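Colleague: Got a predicted model here, sequence first, then my questions.
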Amino acid sequence: MNEVVGLSNGSLLADEQSLIRIGQQVLEEARRQGATAAEASVSVGTGLSVSVRRGEVDTLEHERDRSLAVVVYMGQRTGAASSADFSPESLRATVAAACSIARYTSEDPARGLADPSLLATEFPDLDLYHPWALSADEAIDLALAAEAAARDADPRISDCDSATVSSGEGLRVYLNSHGFVGSRRGTRHGLSCVAIARDHAGMQRDYWFSVARSADELEAPEEVGRRAGERAAGRLGSRRLGTRHVPVLYTPMMARGVIGQFLGAISGNNLYRKSSFLLDRLGDQVFPSHVQMQEHPHRPRGLASAAFDDEGVATRDWTVVEDGRLQTYLLDSYAGRRLGRQSTGHAGGVHNLELQSGDQDFNQLLQTMGSGLVVTELMGQGGNLVTGDYSRGAAGFWVENGEMAYPVEEITVAGNLKDMFAGLQAVGADRDQRGSIITGSLLFESMTVAGE
Amino acid sequence: MTESLDIARQTLLAPAGMDDAALEQAFDRLLAPSVDAADLYFQCTRSESWALEDGMIKQGSHSIDQGVGVRAISGEKTGFAYSDDIVLPALLEASGAARAIARSGQSRSLQAWQRGRGLKLYPPLDPVESLTDQEKVDLLRRVDAEARRADPRVEQVFVNLSGSHDVVLIADGEGRLNADVRPLVRLNVRVQVEHKGRRESGSAGAGGRHAYSRFLDGDRALDLAREAVRQALVNLEADEAPAGTMPVVLGAGWPGILLHEAIGHGLEGDFNRKGSSAFAGRLGDRVASEYCTVVDDGTLADRRGSLNIDDEGEPTQCTTLIENGILKGYMQDRMNARLMGVAATGNGRRQSYAHLPMPRMTNTYMLAGPHDPEEIVRSVDRGLYAVNFGGGQVDITSGKFVFSASEAYLIENGKVTRPVKGATLIGNGPDVLTRVSMVGTDMELDSGIGTCGKDGQLVPVGVGQPTLKIDALTVGGTRG
């Protein structure tokens, strides 16, 4: 079975059918070894990544991965195993390892495959597969263009830590013993640049990146480099701030993380464990009434688009927050059963969760804020989902009278996520599409800033 | 080492029918005239993990990952390819792809093989086999029972036991052949307590390069359960943390994450070769107070961050980074050492065969100083005493770093008074240690729980330090 992933150095891969055959053999082997139910996922991926530095190639990496994972059920007990070896002997041994573990796990009434009635039966073409016939030399040229643009962006750019071009594609099939067979094939291409700026006081770094399913949707390398350069140079001369309570504006890149914390707090796995500061809040006002949050899993070319989740459950559009009220939890089958509910198709996370934007762009949000802090970088762990307590290192800009006054660093921002969400004054129109969470800037009414 | 090399040949090469001649064929492809260095990294990692929750053995998993990474270096350029299939055709193809970095030309051939040297810091055992599955789940249940016995306010107990057996064989273009068999285990306990509607959590863990049986010695596993409950109960009483700059006393052991973030990353060779670290070009400068001597030591027996050889086949060593406040050295892998004209320090590490090696830390700690730990606390009028931490992060270019306290107390008039909620501490790496005015006699290493991320690659590490006082550090609480 080793021929499945060809050794040629071109575009991949196994055809879907051969991966499905492996998955079927795994399910059959599980049945033979005594499992009452089983699920298997088989995936292969390949990629090329090139980084340049100072006009020369720094690293040239060829990637090729494959993996086989199985979960078996012996009644209400479960065991899992995985391997990178697709040979028949390995397949048998992997199933045996999972079955052996299942003999020692506990009877758990909530355990099991997804409800058959929820499994996806339609597989719309989500337009996720756009291979890029990118040679190493072409990738090098693109990366060099990004690096040169970063250097040209500002005379104080002293160096680029790296400019990187990457291209990858993957195929994953998922099967379970309810008879579900689904496959996902997709590509992901990226361009990124890390620039370093220097002045008498020291150095600052910052970055920019572009990522897309299709190469023609990537930002131009000149644009990626220029933005990295401008951002790094913009941080030179950073000062500290005195400790204060002020409004804080998170740029879209930073906003994504804090929305991720919200999603963690409404995810079934934290709720049934009572490890969330948003317990029993379904239907409640958790954001101000202007906040709308929707999920669109079938968006063509979406970075997180998928027709089914990691358990085969059909994905569909969800309104997660309407007029600031929480409309649904995010549940997989297990958490759903623990909470007496059905899976919402969120095994493995959200698929294109979008905050509806207000009409203010970034500059208008600065005006709305008046004086306060713009956060362009966060450091360290996020919040504590059990309590909602939130404290992170930050850098950004101090704003006075709606204008960026000067860059700031070596400060912290802190509050409680529950209060931050309730006091979310505005969602910007400056939407950032580069991830599974799509949001504009977020203006929080008040946070504690600690500094000198 | 011989034993490890035999195990590695048997595990990695024999199943594919490969021998030294096969490795030579790969080097025939790799060693172009402009290739300065090349290596093959064969690896097979077997790992397992068991999870208890709600008093149930909720999940168990087993995985085997194996493959070979092939690297060619020409000047500052690196070509890299890997395969998760350890067979000759895949090895030769990866060798051709990695060599694409170099100009073409007649290949040169390998010199005769010689066995590398290495240390003997841990036994070449497979932890997965060191207890039966029944003994593993019994251990989890005992930990759970102890945590629930410790206090009626305990609402949830999560226990995780994991172990891995990592076999590596490293062959390089200079004919060195080296191997290592690396056990690694970890036991982690997290508890959630509830009292009058308020919920808090606490956690404790331990691990290292040894068999699971170590957790059974002297009730060590049960101690972790009690420690996690203690922390959670302390947090149940915690007030808002202060906001602002103040004296901070850090406890011994795991708070050494300070050193890892504030200076450790900034002293890794790659950042200094490229000049992107705030510490670049500062060897010989004073970067810390006279009380501070900091080392990176990969040679401690059984420790989580220790290695018999690094991932380039170089024996690990104890490298002095800062001596009495003066910056003495960087941590190097072979490539950066060669380009900077210094010796490698055994710090070349990689997450797996599918990743490129980089200079990484092993066990990074500060040596004991002259001060009585109690005297250190007494010297503070108003400040923070932080004894447990979550993670940290650093921007090595600006030097700014953070680390997040998970158990902390106010110091008022020289006494530890009330507990406060967790908060992030932020500082500037190149000068934070200059404000270390007292260093305790109580040097301690962490319990074996650290994982370090760099460029998306995770490797196990250790940290340690004595109790110490930083005269001014910014505390990111909410009460300001």
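Modeller: Alright, I've got the coordinates. Bear in mind the structure is a predicted one, so any value in this text is a computation, not a measurement.
Colleague: C-alpha from now on. contacts and neighbour counts both.
Modeller: Will do.
Colleague: beta partners for residue B:386?
Modeller: On the basis of DSSP bridges, residue B:386 is bridged to residue B:250, residue B:408.
Colleague: Can you list the strands that the host helix or strand of residue A:204 pairs with?
Modeller: According to DSSP states H and E, residue A:204 maps onto strand A:202-212. In the sheet, strand A:202-212 lines up against strand A:181-199 (antiparallel) (DSSP bridges).
Colleague: how close does the residue in the stretch 151-300 of chain A that chain B sits nearest to sit to residue A:238?
Modeller: Residue of the stretch 151-300 of chain A nearest chain B, by CA to the nearest CA: residue A:204 (5.1 Å). As judged by CA to CA, to the nearest Å, residue A:204 and residue A:238 stand 9 Å apart.
Colleague: Have a look at these two and say which one is more surrounded.
Modeller: Between residue A:204 and residue A:238, counted using other CA atoms under 10 Å in any protein chain shown, the more crowded position is residue A:204 (28 against 19).
Colleague: does the nearest residue to residue B:84 once chain neighbours are set aside sit in a helix or strand, and which one?
Modeller: Closest residue to residue B:84 apart from its sequence neighbours, by CA to CA, 6 or more residues apart in numbering or on different chains: residue B:67 at 3.9 Å. Secondary structure from DSSP H and E places residue B:67 in strand B:56-74.
Colleague: Centre of the chain to that strand, how far?
Modeller: A distance of 17 Å separates the C-alpha centroid of strand B:56-74 from that of its chain, computed with CA atoms, centre = their mean, to the nearest Å.
Colleague: what element comes up after that strand heading to the C-terminus?
Modeller: Per DSSP H and E, the helix or strand that comes after strand B:56-74 is strand B:77-83.
Colleague: That next one close to chain A?
Modeller: Yes: counting by CA under 8 Å from any CA of the partner chain, chain A is contacted by strand B:77-83 at B:77-83.
Colleague: Please identify, among those, the one with the most neighbours.
Modeller: residue B:82 (30 neighbours).
Colleague: Please look at that one and residue B:72 and confirm they touch.
Modeller: No: contact criterion CA atoms under 8 Å: residue B:82 and residue B:72 do not qualify, at 11.8 Å.
Colleague: so where do the helices sit in chain A?
Modeller: With helices called from DSSP state H, chain A shows them at A:16-32, A:88-102, A:136-153, A:221-234, A:252-265, A:268-272, A:333-338, A:362-369, A:417-422.
Colleague: Would you mind pulling up the elements that the longest one packs against?
Modeller: In other words, helix A:136-153. Contacts defined by 3 or more CA pairs under 8 Å, 6 or more residues apart in numbering or on different chains; DSSP states H and E place helix A:136-153 against strand A:37-53, strand A:56-74, strand A:157-176, strand A:181-199, helix A:221-234.
Colleague: pLDDT score assigned to residue B:480?
Modeller: Note for residue B:480: predicted pLDDT of 80.
Colleague: what's near enough to touch it?
Modeller: Residues in contact with residue B:480 (CA atoms under 8 Å, 6 or more residues apart in numbering or on different chains) are A:243-244, A:448, A:450, B:242-244.
Colleague: one more time with 10 Å, if that's ok
Modeller: Neighbouring residues of residue B:480 by CA atoms under 10 Å, 6 or more residues apart in numbering or on different chains: A:242-245, A:448-451, B:240-244.
Colleague: Now restrict these to buried residues only.
Modeller: Among the contacts of residue B:480, those classed as buried by 16 or more other CA atoms under 10 Å in any protein chain shown are A:243-245, A:448-451, B:240-244.
Colleague: Keep only those of these that are in strands.
Modeller: A:244-245, A:448-450, B:243-244 (DSSP state E).
Colleague: out of these, who's nearest residue A:35?
Modeller: Residue A:35 lies nearest to residue A:448 out of these, by CA to CA, at 54.4 Å.
Colleague: what about residue 132, neighbour count?
Modeller: Looking at chain A here, since you left the chain open. 17.
Colleague: wrong one, chain B
Modeller: 10.
Colleague: near chain A, which residues of the stretch 201-350 of chain B show up?
Modeller: B:201, B:240-246, B:271, B:274-278 (CA under 10 Å from any CA of the partner chain).
Colleague: most packed of the helices of chain A?
Modeller: helix A:221-234 (a mean of 26; mean count of other CA atoms under 10 Å in any protein chain shown).
Colleague: mind saving the C-alpha coords of it as PDB?
Modeller: C-alpha atoms of helix A:221-234 as PDB (Å, rounded to 0.1, in the frame of the first residue of the first chain):
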ATOM      1  CA  PRO A 221       4.400  40.200  -2.300                       C
ATOM      2  CA  GLU A 222       5.100  43.900  -2.600                       C
ATOM      3  CA  GLU A 223       2.100  44.600  -0.500                       C
ATOM      4  CA  VAL A 224       2.900  42.000   2.100                       C
ATOM      5  CA  GLY A 225       6.500  43.300   2.400                       C
ATOM      6  CA  ARG A 226       5.500  46.900   2.500                       C
ATOM      7  CA  ARG A 227       3.000  46.400   5.300                       C
ATOM      8  CA  ALA A 228       5.500  44.300   7.300                       C
ATOM      9  CA  GLY A 229       8.100  47.100   6.900                       C
ATOM     10  CA  GLU A 230       5.700  49.900   7.800                       C
ATOM     11  CA  ARG A 231       4.400  48.100  10.800                       C
ATOM     12  CA  ALA A 232       7.900  47.400  12.200                       C
ATOM     13  CA  ALA A 233       9.100  51.000  11.600                       C
ATOM     14  CA  GLY A 234       5.900  52.300  13.200                       C
END
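Colleague: thought residue A:86 was touching residue A:68?
Modeller: Yes: under the criterion of CA atoms under 10 Å, residue A:86 makes contact with residue A:68 at 7.1 Å.
Colleague: Would you mind telling me which of these two has more residues around it?
Modeller: The residue with more neighbours, out of residue A:86 and residue A:68, is residue A:68; 25 against 22, by other CA under 10 Å.
Colleague: Beta-bridge partners for that one, please?
Modeller: residue A:42, residue A:83.
Colleague: And the one 4 residues further on, by the same measure?
Modeller: For residue A:72, the beta-bridge partners under DSSP bridges are residue A:38, residue A:79.
Colleague: can you pull the pLDDT of it?
Modeller: At residue A:72, pLDDT is 98.
Colleague: do residue A:97 as well
Modeller: 98.
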